[in-house]
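*Asks:* this is a predicted model, with the sequence first.
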Amino acid sequence: MKSRVLKTLFAVVAVCFTTQLMAQNAESPIRWADKRDGWIQKATESKPELIRQDIKPVAIVRSVADKNAFQGWRMERTNEPVDVLYTQSFKSRKEVILDLGDHYTGYFSFKVKDMDMPTDAPVRFRFTFAEVPGELNANFDDCPANSLSRAWLQDEIITVMRMPSEVTIERRLACRYVKIELLAQSYYDFVFTDLNFRAETSARGKAAELAEGTDPMIKKINEIGLKTLAECMQTVYEDGPKRDQRLWIGDLYLEALANAYSYKNHDLTRRCLYLLAGMSSDDGFLRATVYEHVTERPKIGVNCMDYSLLYGVALLEYLKETGDRATAEDLWPVVKYQVEFARTYLKDNVYDVKKQPEWWLVFDWKDNLDRHASMQGLMTFAIEQSYELAKMLGCEGEVADWPKVVKDMRKASRAMFYDKKLGVVKSGPDAQISYLSQVWMILSETLTQKEAVRALEYVLADDSTCYIGSPYAYHYLIEAMIKSGMEERAREMLITYWGDMVNKGADTFWEVYDPNDDYKSPYKYYPMNSYCHAWSCTPVYFIYKYKDIFQR
Ligand code: RAM
């Protein structure tokens with residue numbers, strides 16, 4: 001009897017204790033610090049295998065100065081076959097430029113052997129790898145100190161001590177052209193016996209063929225977009241295989257969209273979503289970028305509020321595409337935290353841009369862009385999308401006030417940013433009119449469709465509007481045009497902007513492209529630009545998703 005009472009008492013105490021703990025957990029701020037290892041583990045499980053392919057140079061080319069060419073240089077094929085390098089002395093030739101035939105990401109190796117006598121001294125080479133012809137004609141030592149690390153520029157000095165020898169250059173490269181210069185030689189002669197580029201990508205499968213009557217320029221844009229995406233699909237969605245070779249939330253979002261309509265390698269998206277969650281800060285804020293090598297590490301201190309809010313949109317798209325509810329449920333608290341945290345920046349329903357001096361708002365590579373209206377619009381859009389995610393997961397009860405936040409934000413935006421008379425959105429103390437302010441107020445459905453068309457027509461016709469600086473921002477412009485029913489303009493814009501890069505010889509699309517300035521780079525030195533950049537691949541998404549607009 002006594003023992004039964006004791007047992008019951010014990011059970012009651014246990015139940016009370018557990019209930020209290022659960023209540024405590026429910027009330028306490030989201031604490032997923034303990035969950036992060038599990039998320040990294042899941043990211044590891046989804047790590048794709050790299051597919052490797054040996055690429056041999058297809059031609060010997062020469063650089064030709066041409067003021068009509070992109071950055072003043074183009075490559076011209078010579079009549080010499082690559083084989084001459086395997087039979088004729090390199091000591092007398094001293095220099096060559098090889099063309100791999102397309103852009104590749106991977107490792108370069110070469111073999112050399114002495115010809116008749118053993119080489120009596122070390123031989124020294126400089127190898128330069130270039131994505132575009134202009135890079136090969138720049139002196140990388142001119143790179144200003146306030147640019148990014150000079151070491152991103154792909155030149156390597158290699159000393160061969162003995163022959164025969166086989167050398168693989170240690171760093172991973174991204175290029176189409178390889179320049180070899182002989183800097184110091186042995187008294188005796190030597191030749192190359194092999195030149196090889198081992199290309200790597202995790203992109204598997206083939207995207208669907210476009211409809212037969214598709215405009216040839218759109219076909220070309222799609223082909224280059226697919227190539228750009230495949231080059232950036234490594235063991236994460238990289239931003240650029242030359243630079244920075246890492247995962248950023250904003251790039252992930254656009255790459256995942258393009259992948260969902262082409263290669264459909266959804267595991268890579270899952271991996272990246274988990275990696276980012278696994279490296280969030282202790283209280284749950286996402287880092288805008290993370291590293292996967294040597295081990296997984298976040299870039300502490302780089303938190304971009306626009307990027308962290310887009311994470312939820314990316315997860316929603318992933319769920320819609322894959323139906324992988326388990327992943328979406330697992331990561332839902334991350335999305336919830338990003339929104340709740342961003343909400344602490346709201347003052348009278350308007351995002352307080354002054355509250356975050358040391359953090360960036362990305363939006364575009366455009367220094368003079370006033371980001372206030374864009375941020376307000378993006379946040380409204382992201383909360384609405386995140387709420388849709390909550391509904392799909394049956395969690396909307398947890399965030400029941402979000403629809404009201406969205407409504408209040410739209411109302412506040414109209415009062416603060418919308419100039420009804422002129423029909424445009426203005427931003428900042430100087431009432432700046434920019435493309436992006438319109439775009440984000442359209443995507444967030446702050447403007448009605450009629451107002452959206454009026455606003456876009458205004459900026460398209462007004463030369464003083466702050467225009468767009470990167471393909472990343474063009475993506476949102478095209479999306480906004482389609483949303484506003486301006487399908488023809490969207491098509492024209494895609495053909496004009498990306499088609500212009502095609503006409504200028506792009507093998508892959510560039511990080512920053514300004515039709516008015518071929519040398520534009522956010523890093524104060526044009527070779528530092530990444531000429532194969534993830535966020536520039538999104539025509540692929542538009543072309544497949546909106547068939548009626550683009551595949552005719
Ligand atoms: C650069 C990268 C990347 C972008 C960030 C904000 O370093 O190119 O694509 O997302 O900046």
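*Replies:* That came in fine, so what should we check first?

*Asks:* what helices and strands are in contact with the helix or strand hosting residue 217?
*Replies:* Using DSSP states H and E, residue 217 maps to helix 216-232. Helix 216-232 is packed against strand 95-114, helix 249-260, helix 487-503, helix 539-545, with contacts defined by 3 or more CB pairs under 8 Å, 6 or more residues apart in numbering; DSSP states H and E. The way it works is simple: take the backbone N, C-alpha and C, and place the C-beta from them, glycine included.

*Asks:* just give the number of residues close to the nearest residue to residue 544 once chain neighbours are set aside.
*Replies:* Nearest residue to residue 544, sequence neighbours excluded (CB to CB, 6 or more residues apart in numbering): residue 261, at 3.8 Å. Neighbours of residue 261 under the rule other CB atoms under 10 Å: 18.

*Asks:* residue 261 against residue 539, yeah?
*Replies:* No: contact between residue 261 and residue 539 fails when scored by CB atoms under 8 Å: they sit 10.6 Å apart.

*Asks:* quick one on the thing from earlier: out of the helices and strands packed on helix 216-232, deepest packed?
*Replies:* helix 249-260 (a mean of 26; mean count of other CB atoms under 10 Å).

*Asks:* that one vs the ligand: in contact?
*Replies:* Yes: using CB under 6 Å from any ligand atom, helix 249-260 reaches the ligand at 250, 251.

*Asks:* what's the angle from that helix to helix 216-232?
*Replies:* Relative orientation of helix 249-260 versus helix 216-232 (axes from the mean of the first three to the mean of the last three CA atoms, to 10 degrees): 120 degrees.

*Asks:* and the contacts of the helix or strand following helix 249-260?
*Replies:* Counting by DSSP H and E, the next helix or strand C-terminal to helix 249-260 is helix 266-278. The contact list for helix 266-278 (CB atoms under 8 Å, 6 or more residues apart in numbering) reads 32, 36-37, 39-40, 42-43, 46-48, 202, 233, 235-237, 247, 249, 252, 256, 259-260, 286-287, 290, 292, 296, 311, 314-315, 318, 321-322, 324, 327, 331, 334.

*Asks:* name the next helix or strand following helix 266-278 along the chain.
*Replies:* strand 289-291.

*Asks:* so does that following strand get close to the ligand?
*Replies:* No: Strand 289-291 lies out of reach of the ligand by CB under 6 Å from any ligand atom, never closer than 7.0 Å.

*Asks:* distance of residue 518 relative to the ligand?
*Replies:* Using CB to the nearest ligand atom, to the nearest Å, one gets 18 Å for the distance from residue 518 to the ligand.

*Asks:* which ones are touching the closest residue to that residue other than its chain neighbours?
*Replies:* Distances taken as CB to CB, 6+ apart put residue 71 closest to residue 518, at 5.0 Å, once the chain neighbours are dropped. Residues counted as contacts of residue 71 (CB under 8 Å, 6+ apart) are 132, 133, 134, 518, 519, 526.

*Asks:* from the contacts of helix 266-278, list the buried ones, please.
*Replies:* 32, 36, 39-40, 42-43, 46, 48, 202, 233, 235-237, 247, 249, 252, 256, 259-260, 286-287, 290, 292, 296, 311, 314-315, 318, 321-322, 324, 327, 331, 334 (16 or more other CB atoms under 10 Å).

*Asks:* residue 476 against residue 439, yeah?
*Replies:* Yes: assessed by CB under 8 Å, residue 476 is found in contact with residue 439 at 4.9 Å.

*Asks:* which one of these two has more residues nearby?
*Replies:* Neighbour count, other CB under 10 Å: between residue 476 and residue 439, residue 439 has more, with 32 against 24.

*Asks:* got the confidence number for that one?
*Replies:* Looking at residue 439, its pLDDT is 98.

*Asks:* from residue 374, how far off is it?
*Replies:* 7 Å (CB to CB, to the nearest Å).

*Asks:* go on, residue 262?
*Replies:* From residue 262 across to residue 374, the span is 28 Å (CB to CB).

*Asks:* check residue 536 too.
*Replies:* Noted for residue 536: a distance of 19 Å to residue 374, by CB to CB.

*Asks:* how about stretch 41-61: buried residues?
*Replies:* 42, 43, 46, 48, 50, 55, 57, 59, 60, 61.

*Asks:* need the CA coordinates for it. PDB is fine.
*Replies:* In PDB, the C-alpha atoms belonging to stretch 41-61 read as follows (Å, rounded to 0.1, in the frame of the first residue of the first chain):
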ATOM      1  CA  GLN A  41      25.200  16.800 -39.000                       C
ATOM      2  CA  LYS A  42      22.200  16.900 -41.300                       C
ATOM      3  CA  ALA A  43      24.100  19.300 -43.600                       C
ATOM      4  CA  THR A  44      26.900  16.800 -43.700                       C
ATOM      5  CA  GLU A  45      24.400  14.000 -44.700                       C
ATOM      6  CA  SER A  46      23.300  16.000 -47.600                       C
ATOM      7  CA  LYS A  47      26.800  16.900 -48.900                       C
ATOM      8  CA  PRO A  48      26.900  16.000 -52.600                       C
ATOM      9  CA  GLU A  49      29.600  14.100 -54.400                       C
ATOM     10  CA  LEU A  50      31.600  16.200 -56.900                       C
ATOM     11  CA  ILE A  51      31.500  15.000 -60.500                       C
ATOM     12  CA  ARG A  52      35.000  15.300 -62.000                       C
ATOM     13  CA  GLN A  53      35.900  15.600 -65.700                       C
ATOM     14  CA  ASP A  54      39.300  16.000 -67.300                       C
ATOM     15  CA  ILE A  55      39.500  18.900 -69.700                       C
ATOM     16  CA  LYS A  56      42.300  19.400 -72.200                       C
ATOM     17  CA  PRO A  57      43.000  22.800 -73.800                       C
ATOM     18  CA  VAL A  58      41.200  23.100 -77.100                       C
ATOM     19  CA  ALA A  59      43.300  25.900 -78.700                       C
ATOM     20  CA  ILE A  60      46.200  28.200 -78.400                       C
ATOM     21  CA  VAL A  61      44.900  31.700 -78.500                       C
END
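
*Asks:* what does this protein put close to the ligand?
*Replies:* Counting by CB under 6 Å from any ligand atom, the chain sits next to the ligand at 239, 240, 244, 248, 250, 251, 362, 511, 535.

*Asks:* kindly recompute the last result at 8 Å.
*Replies:* Residues of the chain lying close to the ligand by CB under 8 Å from any ligand atom are 239-240, 243-244, 248-251, 288-289, 304, 307, 360, 362, 365, 472, 511, 522, 530, 533-535.

*Asks:* and those, which of them are buried?
*Replies:* Buried residues within the residues of the chain next to the ligand, counting neighbours by 16+ other CB under 10 Å: 239-240, 243-244, 248-251, 288-289, 304, 307, 362, 365, 472, 511, 522, 530, 533-535.

*Asks:* just the ones in helices from those, please.
*Replies:* 249, 250, 251, 307, 472 (DSSP state H).

*Asks:* between those residues, which is nearest residue 215?
*Replies:* Closest to residue 215 out of those is residue 472 (23.9 Å), distances taken as CB to CB.

*Asks:* give the contact list for that closest one.
*Replies:* Counting by CB under 8 Å, 6+ apart, residue 472 has contacts 250, 251, 254, 362, 364, 365, 535, 536.

*Asks:* and if you look at residue 443?
*Replies:* Residue 443 is in contact with 377, 378, 381, 476, 479, 480, 483, counting by CB under 8 Å, 6+ apart.

*Asks:* just flag the most distant two among those residues.
*Replies:* Largest separation among these by CB to CB: 378 and 483, giving 14.2 Å.
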